[in-house]
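S.K.: Have a look; sequence and predicted model below, questions after that.
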Amino acid sequence: MNKKLKAVIIGPGNIGTDLLMKMKRSDWIEPVWMVGIDETSEGLKRAREMGIKTCSTGVDGILEHIIADDIRIAFDATSAYVHAENSRKLNELGVIMIDLTPAAIGPFCIPPVNLKEHAEKLEMNVNMVTCGGQATIPMVAAVSQVQDVEYGEIIATVSSKSAGPGTRKNIDEFTRTTARAVEQVGGADKGKAIIIINPAEPPLVMRDTVHCLTKDTPDEKAITESILNMAKEVQKYVPGYRIKNGPVFDGNRVSVFLEVEGLGDFLPKYSGNLDIMTAAGLRTAEMFAQEIASGSVQLPSRA
Amino acid sequence: MNLSGKSVILHDMSLRDGMHAKRHQISIDEMVTIAKGLDQAGIPLIEVTHGDGLGGASVNYGFPAHSDEEYLSAVIPQLKQAKVSALLIPGIATVDHLRMAHDLGVSTLRVATHCTEADVAEQHIGLARKLNMDTVGFLMMAHMTSPETILEQAKLMVSYGANCVYCTDSAGYMLPTEVSEKIGLLRSELPSEIEIGFHGHHNMGMAIANSLTAIEAGASRIDGSVAGLGAGAGNTPLEVFVAVLERMGVKSGVDLFSIMDVAEDLVVPMMDHAIRVDRDALTLGYAGVYSSFLLFAQRAEKKYGVSARDILVELGRRGTVGGQEDMIEDVALTLSKQLSAN
């Protein structure tokens, strides 16, 4: 029996291509289609060379193939502006949507924190927050799982070369969405997010700093253990996720200094920020596939 | 140098850049008193916010004594002629902060990005323009790239709606030749209705000389700070600059003795430490490091037993940019591990 869920990737840019490369190694997800809007684009050409079917007429062009090709999962790596429509059209056909845009119409998903919950409920649209969120929220959650976090703050520093035009044009979206997810998924009463773009050459590997202010004096032993365990969970899908320094305890402040190196699939290794998004997106789809394979949830029925 | 007959707009930084030197703890009373003094002395523009601009309140940069809203709403109604500006760094603050500042009566919005990353400012510059604010693009750490790149980035900011662009020497690294090249190129290539500004720091002792050079090369707005209250070795000390401008026949509209009194009677007494080119501030300028890193590096020195100078030099080597205060503790931890391993 073939247990792999078949997938479509929308958006053949850097993220979509990197995702495709990772997906080709997956035991649970099989990439079938890449959807773009320009027949001659490099991204679609790359996808064809990698042996998957391509469609250059946007999501509308793929709809007729969904049932025939048994597509069950879609990854949207386009933009927040078109995501809602993409999601509506594909959800109607019973396709689960993994949203890699900042649209965030579905619940936030940070795999080691709340993915299982979403998979068990078969959420039809989950949002992967932001790169900075994927890198840091596991750490906020690691602290808040031990004791109350009154305030969580994250600082994500990415190389200039890895910050695409979408992020740049709408940088407020990053800070707002990440801050909200620090609260909703990280468990901080109040969240703040800061992003810094650094043009140094050679490009720096993504760096992230997490500061939590705990309500009571931090339990250093329990928090340290929780943070180290959480880092191991993230390393399962992002092997280059590392604690560089910390946790540092200073009064009620708990700080962790992280580095995120990518796998270097399509995107260079310094682009840990992009890698952690594609890896988390794929991890999410895989967990859905595992839940389905175990029979704990059922795929939407199809005639 | 002959600047006779030129005129400049002096923009005071003491209540924003000065917040760095006060760990963002300036009281409302101090802010209002100083702002009124500057207003009476004829300073046309005063910047008021957290040192890192709107929304800077954070663990990373320090929590201020009061919110931006509280400072702005206390200061603005007290001023007779001076206008108030606010700094906004995309990635820290959002357009929501911009709207708040506009609603409170801020008339000049300065959108700051690293000197090569102007395209993160499109939303904010665009909105400020739309709100009919005096809209300034502020290219920070301008020593880190070429004059041609500064020009290209300035053009982006102008295309989003900025009516003034700054070449900002955030590290106090520049020497006059560089100021002249960068400001000169901006002036010759940007449309004449676009103003050019210069923001200096005194870390290499060059703030006055650089500011004069900027005027010579075509800048019409110069940032400074009364008594030099600002990050690192401070900004161009305004009372000194006003005196120099007067001697050189440059009009600023600021009364020299009044600004001297604000400096001596109001600002110097509230300083936590002497703002001077001390060893660490000089290191900032020499190594080309963001001036607000100074006090953080000194605190890390105390906590981790690693010299602030070593920390700052390492931050320079890593090519850190404005806002990367988190890397100070990180570098201190790494250096202290290396020390104990040896």
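M.R.: Good, I have the coordinates.
S.K.: From here on, just use CA atoms for contacts and neighbour counts.
M.R.: OK.
S.K.: ok but residue B:253 is inside a helix, no?
M.R.: No. Counting by DSSP: H, G, I helix; E, B strand; the rest coil, residue B:253 falls outside a helix, being coil.
S.K.: where along the chain do the strands fall?
M.R.: Unless you meant another one, I'm taking chain A. Along chain A, the stretches classed as strands by DSSP state E are A:5-10, A:29-35, A:53-55, A:71-76, A:96-99, A:125-127, A:149-159, A:188-198, A:206-214, A:240-250, A:253-261.
S.K.: sorry, should have said chain B
M.R.: Using DSSP E, the strands of chain B run over B:9-12, B:45-47, B:83-88, B:108-114, B:134-140, B:164-168, B:195-199, B:221-224.
S.K.: quick one: which of those strands is nearest chain A?
M.R.: The closest of the strands of chain B to chain A is strand B:108-114. By CA to the nearest CA, the value is 8.0 Å.
S.K.: buried stuff in the lengthiest helix in chain B?
M.R.: Secondary structure of chain B read by DSSP state H shows that its longest helix is helix B:326-341. Buried positions in helix B:326-341, judged by neighbour count with 16 or more other CA atoms under 10 Å in any protein chain shown: B:326, B:327, B:328, B:329, B:330, B:331, B:332, B:333, B:334, B:335, B:336.
S.K.: Let me know the closest of these to residue B:234.
M.R.: residue B:328 (19.8 Å; CA to CA).
S.K.: before we move on, back to that, centre of the chain versus the longest helix of chain B, how much separation?
M.R.: Relative to the centre of its chain, helix B:326-341 is centred 28 Å away, using CA atoms, centre = their mean, to the nearest Å.
S.K.: Can you pull out the low-pLDDT segments for chain A?
M.R.: A:1-2, A:303 (pLDDT under 70).
S.K.: hang on, the earlier thing: closest to residue B:109 out of the strands of chain A?
M.R.: That would be strand A:188-198 among the strands of chain A, by CA to CA, at 19.9 Å.
S.K.: circling back to that earlier point, rebuild the strands of chain A as CSV, extending it with mean neighbour count and distance to residue B:46.
M.R.: Shown next, in CSV, are the strands of chain A (neighbours: other CA atoms under 10 Å in any protein chain shown; distance: least, CA to CA, whole Å):
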stretch, mean neighbour count, distance to residue B:46
strand A:5-10, 24, 49
strand A:29-35, 25, 52
strand A:53-55, 19, 56
strand A:71-76, 25, 46
strand A:96-99, 26, 44
strand A:125-127, 23, 43
strand A:149-159, 26, 29
strand A:188-198, 24, 26
strand A:206-214, 27, 32
strand A:240-250, 18, 36
strand A:253-261, 24, 34
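S.K.: of all those, which lies closest to residue B:118?
M.R.: Minimum separation from residue B:118 across the strands of chain A (CA to CA) falls at strand A:188-198, 10.7 Å.
S.K.: anything in the closest one sitting right up against chain B?
M.R.: Yes. Contact of strand A:188-198 with chain B (CA under 8 Å from any CA of the partner chain) involves A:192, A:193, A:194, A:195, A:196, A:197, A:198.
S.K.: so what strands line up beside that strand?
M.R.: Partners of strand A:188-198 in the sheet, by DSSP bridges, are strand A:149-159 (parallel).
S.K.: Now do the partner strand and strand A:206-214, the angle between them.
M.R.: 170 degrees (axes from the mean of the first three to the mean of the last three CA atoms, to 10 degrees).
S.K.: so how far is strand A:149-159 off the chain centroid?
M.R.: 16 Å.
S.K.: between that strand and strand A:253-261, how big is the angle?
M.R.: Using the same axes, to 10 degrees: strand A:149-159 against strand A:253-261 is 30 degrees.
S.K.: Dump the C-alpha coordinates for strand A:149-159 into PDB.
M.R.: Only the C-alpha atoms of strand A:149-159 are listed here, as PDB (Å, rounded to 0.1, in the frame of the first residue of the first chain):
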ATOM      1  CA  VAL A 149       6.200  33.800  30.900                       C
ATOM      2  CA  GLU A 150       4.900  37.400  31.200                       C
ATOM      3  CA  TYR A 151       6.800  38.700  28.300                       C
ATOM      4  CA  GLY A 152       8.500  37.000  25.300                       C
ATOM      5  CA  GLU A 153      10.700  38.800  22.900                       C
ATOM      6  CA  ILE A 154      12.500  37.500  19.900                       C
ATOM      7  CA  ILE A 155      15.200  39.100  17.700                       C
ATOM      8  CA  ALA A 156      15.800  37.400  14.300                       C
ATOM      9  CA  THR A 157      18.800  38.400  12.300                       C
ATOM     10  CA  VAL A 158      18.900  37.200   8.700                       C
ATOM     11  CA  SER A 159      21.400  37.800   5.900                       C
END
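S.K.: just to revisit the earlier point, could you export the strands of chain A as a markdown table, including distance to residue B:252?
M.R.: Shown next, in a markdown table, are the strands of chain A (distance: least, CA to CA, whole Å):
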| stretch | distance to residue B:252 |
| --- | --- |
| strand A:5-10 | 58 |
| strand A:29-35 | 60 |
| strand A:53-55 | 64 |
| strand A:71-76 | 56 |
| strand A:96-99 | 55 |
| strand A:125-127 | 54 |
| strand A:149-159 | 40 |
| strand A:188-198 | 36 |
| strand A:206-214 | 44 |
| strand A:240-250 | 47 |
| strand A:253-261 | 47 |
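S.K.: need the residues of strand A:188-198 next to chain B in TSV with distance to residue B:149, can you?
M.R.: Below are the residues of strand A:188-198 next to chain B laid out as TSV (distance: CA to CA, whole Å):
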residue	distance to residue B:149
A:192	32
A:193	29
A:194	25
A:195	22
A:196	19
A:197	16
A:198	15
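S.K.: Show me how the chain divides into domains.
M.R.: Since no chain was named, I'll use chain A. A:5-128+A:279-293, A:131-269 (automatic domain parsing).
S.K.: I was after chain B.
M.R.: Split into domains by automatic domain parsing, chain B comes to B:9-270, B:292-341.
S.K.: Minimum distance to residue A:134: which of those has it?
M.R.: Closest to residue A:134 of the domains of chain B, according to CA to CA: domain B:9-270, at 17.0 Å.
S.K.: What average pLDDT does the closest one get?
M.R.: Here domain B:9-270 scores 98 as its mean pLDDT.
S.K.: what about it, how long is it end to end?
M.R.: 26 Å (CA to CA, to the nearest Å).
S.K.: how far does it sit from the chain's center?
M.R.: Using CA atoms, centre = their mean, the offset of domain B:9-270 from its chain centre is 5 Å.
S.K.: okay, now residue A:139: neighbour count?
M.R.: 33 (other CA atoms under 10 Å in any protein chain shown).
S.K.: how about the helices in chain B?
M.R.: With DSSP H as the criterion, chain B has helices spanning B:17-21, B:28-41, B:68-75, B:95-103, B:122-130, B:147-160, B:176-189, B:207-217, B:238-248, B:256-261, B:279-287, B:293-304, B:308-317, B:326-341.
S.K.: What helices and strands are in contact with the first one?
M.R.: Where contact means 3 or more CA pairs under 8 Å, 6 or more residues apart in numbering or on different chains; DSSP states H and E, helix B:17-21 is not packed against any helix or strand.
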